[in-house]
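[1] build me a model from this:
(one chain, ligands or ions: 3)
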Amino acid sequence: MKKFNILVVGGGSTWTPGLLKSMCVRQESFPINQLTMLDTNADRQKVIGDFANVLFNEEYPDIKFQYTTDKEVAFNQELDFVFVQMRTGGFKMREQDEKIPLSLGVIGQETCGPGGFAYGMRSIKDMIELVHDVRKYNKEAWILNYTNPAAIVADALKRVFPDDNHILNICDQPENLLRSYGRLLDRDPRSFDPVYFGLNHFGWFTHLYDETGYDLLPELRDKILDGGFRPVDFEQRDKSWLETYAMVEQMVKDFPEYLPNTYLQYYLYPDKVLNKLDPDFTRSNEVMAGREKRVFTECKRVAEVGTAQDSSVVHNDAHGEFIIIVAESIAYNRGDHFVVILENNGIVENLPNDAMIEVAASLTKQGPRPYAVGEIPTFYKGLIEGQFAYEKLTVEAFLEGSYQKALQALTLNRTIVSAGKAREVLDALIEANKDYWPTLT
Ligand SMILES: NC(=O)c1ccc[n+]([C@@H]2O[C@H](COP(=O)([O-])OP(=O)(O)OC[C@H]3O[C@@H](n4cnc5c(N)ncnc54)[C@H](O)[C@@H]3O)[C@@H](O)[C@H]2O)c1
Ligand SMILES: O=P(O)(O)OC[C@H]1O[C@H](O[C@H]2[C@H](O)[C@@H](O)[C@@H](O)O[C@@H]2CO)[C@H](O)[C@@H](O)[C@@H]1O
Ligand SMILES: [Mn+2]
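    Ligands and ions are numbered 1, 2, ... in the order given. Coordinates of the predicted model:
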């Protein structure tokens, strides 16, 4: 059986221990020959790398593992898959993305609204560089990208690398929703055959077929309306995520036709959500004090004691497992279906062909083969077209260094609306991001 060579970019990510655990769990179905982790931050990389050495020694002794900050070491080797999960600017800049808009009275969030705009303008540069770095030595390696905001990154990469058909942008949120539906319905989420359409963090499930072709969505909707909605892993979730999932009930009450992605709360109820956000303690603060602290403290402890057997930080979560089962489906030409991000080209008939949409597709060696969605109703089409125009203008603002397009993008975003407010937010974000963004003129 072929063993794969894998590179993880952003090896110092808070999600890496879970990913490493998933690699251990799936070593029979996805055997790895050489695993390399690359990060720009040597300290973060070392903590997670030392933890990996202990974990693999116990659970995956035949894996060849190295971690590095040296691009030559990382890229100048034969690679099958590159898993990317980088955060340009780190949590400190995420905090700015959330707090600056909030200080001006609009939604401050990691991937939605002006926070997502700011993060996107930082991610694009590093992601373009990453693709060049990979392709220098590996023309065919699959680049599976988690880096956010995935919608904006996907659009930028499609424009800069139009002929590269081995880049796939993915998000674990539809997967997490499917697992949450599975728990609510007491069914195996892998048995679901979902129909989903939208943009990343901006989409809806229209059907959820079981193995017999029966649509479970009406039953699921009734359950949500009767008893609310929680994430599959609600026991481990922070308060803000539980509140986010709880908003699904409100969305289903108002728009019962389809089941929404949780991120739609920021666009459909910006006033209500704004009231709940604390401008002095945002999600980045919660993550820095919670997941980041927990992960790094625990990885250091494991390296010190030399065993990961009793480690609570390591669990096989959706994030880690999802990217591996996606890779498996591609590597073995299995054609399993997943919700992924790809160019529309008629999948949703009444949306622009060049939109990077999120839909169900079967994944083979040739990449995603999407399932047709057909025409979507006016309400969803209108929302998506506005959001797509915002995303497109964001990418163009970056590529052309255009202040005007940046202003247009933020004015179009439903979390802002007012052009005056958009200019105020943009000017503040330009100042905060001067070490990262191109100059906008
Ligand atoms: N698509 C999804 O559904 C999904 C889900 C979860 C996380 N994410 C994304 O995964 C990424 C990691 O999230 P996190 O919360 O663990 O953040 P994190 O800051 O803990 O991890 C990111 C790591 O990337 C490193 N990094 C930054 N720039 C880099 C570069 N150019 N090359 C290599 N490494 C670089 C950082 O030093 C850091 O160690 C983020 O982009 C996040 O938005 C996406
Ligand atoms: O606020 P954070 O850093 O905790 O999370 C931001 C990410 O949120 C989504 O990911 C979920 C994921 O769907 C789920 O499987 C589980 O692993 O938790 C994650 C967050 O708690 C989203 O899809 C990502 O794009 C965000 O980066
Ligand atoms: Mn996501």
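[2] near ligand 1, which residues of the chain? Just list them.
    Residues of the chain lying close to ligand 1 (C-beta under 6 Å from any ligand atom) are 9-10, 12-15, 38-41, 44, 85-88, 90-91, 126, 146-148, 150, 171-173, 319. From N, CA and C alone the C-beta is placed, and that goes for glycine too.
[3] can you tell me the element residue 182 falls in?
    Taking DSSP states H and E as the definition, one finds residue 182 inside helix 173-185.
[4] tell me the buried residues in that helix?
    Buried residues in helix 173-185, counted by 16 or more other C-beta atoms under 10 Å: 173-182, 184-185.
[5] low-confidence stretches in the protein?
    Residue ranges of the chain with pLDDT under 70: 314-316.
[6] quick one: the strands in it?
    All strands of the chain, identified by DSSP state E, fall at 4-9, 32-38, 64-68, 81-84, 142-145, 167-169, 193-199, 202-209, 259-260, 336-343, 356-364, 367-370.
[7] so how far is the fifth one off the chain centroid?
    The offset between the C-alpha centroid of strand 142-145 and the centroid of the whole chain comes to 12 Å, using C-alpha atoms, centre = their mean, to the nearest Å.
[8] state the distance from the closest residue to ligand 3 within the stretch 101-250 of the chain to residue 434.
    Across the stretch 101-250 of the chain, no residue is closer to ligand 3 than residue 171, which sits at 3.3 Å (C-beta to the ion). Separation of residue 171 from residue 434 (C-beta to C-beta, to the nearest Å): 29 Å.
[9] how about residue 223?
    49 Å.
[10] over to residue 344?
    Going from residue 344 to residue 434 by C-beta to C-beta gives 35 Å.
[11] which one of these two has more residues nearby?
    Each of residue 344 and residue 434 has its neighbours counted (other C-beta atoms under 10 Å); residue 344 has more, 20 against 9.
[12] what does the stretch 151-300 of the chain put close to ligand 3?
    171, 173 (C-beta under 5 Å from the ion).
[13] how about the helices in the stretch 151-300 of the chain?
    Assignment of helices within the stretch 151-300 of the chain using DSSP state H, counting those that start in this stretch yields the ranges 173-185, 217-227, 239-254, 265-268, 270-276, 283-287, 293-305.
[14] can you say which of those helices is nearest to residue 363?
    helix 173-185 (12.9 Å; C-beta to C-beta).
[15] now tell me what touches that closest one from outside.
    With C-beta atoms under 8 Å, 6 or more residues apart in numbering as the test, helix 173-185 has contacts from 187-189, 192, 194, 196, 201, 203, 205, 208, 216, 219-220, 223-224, 229-233, 245, 259, 261-263, 318, 322, 338-339, 358.
[16] which residue does the stretch 201-350 of the chain have closest to ligand 2?
    Nearest to ligand 2 in the stretch 201-350 of the chain, going by C-beta to the nearest ligand atom, is residue 318, at a distance of 3.5 Å.
[17] hmm, that residue is touching residue 170, no?
    No - taking contacts as C-beta atoms under 8 Å, residue 318 lies outside contact range of residue 170: 11.6 Å.
[18] so between the two, which is more surrounded?
    A direct count of neighbours by other C-beta under 10 Å for residue 318 and residue 170 places residue 170 higher, at 25 against 21.
[19] give me the phi and psi for the more buried one.
    The phi and psi torsions at residue 170 (degrees, to the nearest 10) take the values phi -130, psi 160.
[20] that one contacts residue 341, correct?
    Yes - between residue 170 and residue 341 there is a contact under C-beta under 8 Å: 6.6 Å.
[21] shared neighbours of those two, anything?
    In contact with both residue 170 and residue 341: residue 150, using C-beta under 8 Å, 6+ apart.
[22] for stretch 294-314, buried residues please.
    Quick answer for stretch 294-314 (16+ other C-beta under 10 Å): 295-296, 298-299, 302-303, 308, 311, 313-314.
[23] residues of the stretch 251-400 of the chain that sit close to ligand 2?
    Counting by C-beta under 6 Å from any ligand atom, the residues of the stretch 251-400 of the chain close to ligand 2 are 283, 287, 317-319.
[24] same thing with the stretch 101-250 of the chain?
    So far as C-beta under 6 Å from any ligand atom goes, the stretch 101-250 of the chain lies against ligand 2 at 110, 148, 171-173, 176, 241.
[25] okay, those in a markdown table with distance to residue 418 next?
    Putting those into a markdown table (distance: C-beta to C-beta, whole Å) gives the following:
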| residue | distance to residue 418 |
| --- | --- |
| 110 | 22 |
| 148 | 26 |
| 171 | 29 |
| 172 | 33 |
| 173 | 29 |
| 176 | 33 |
| 241 | 29 |
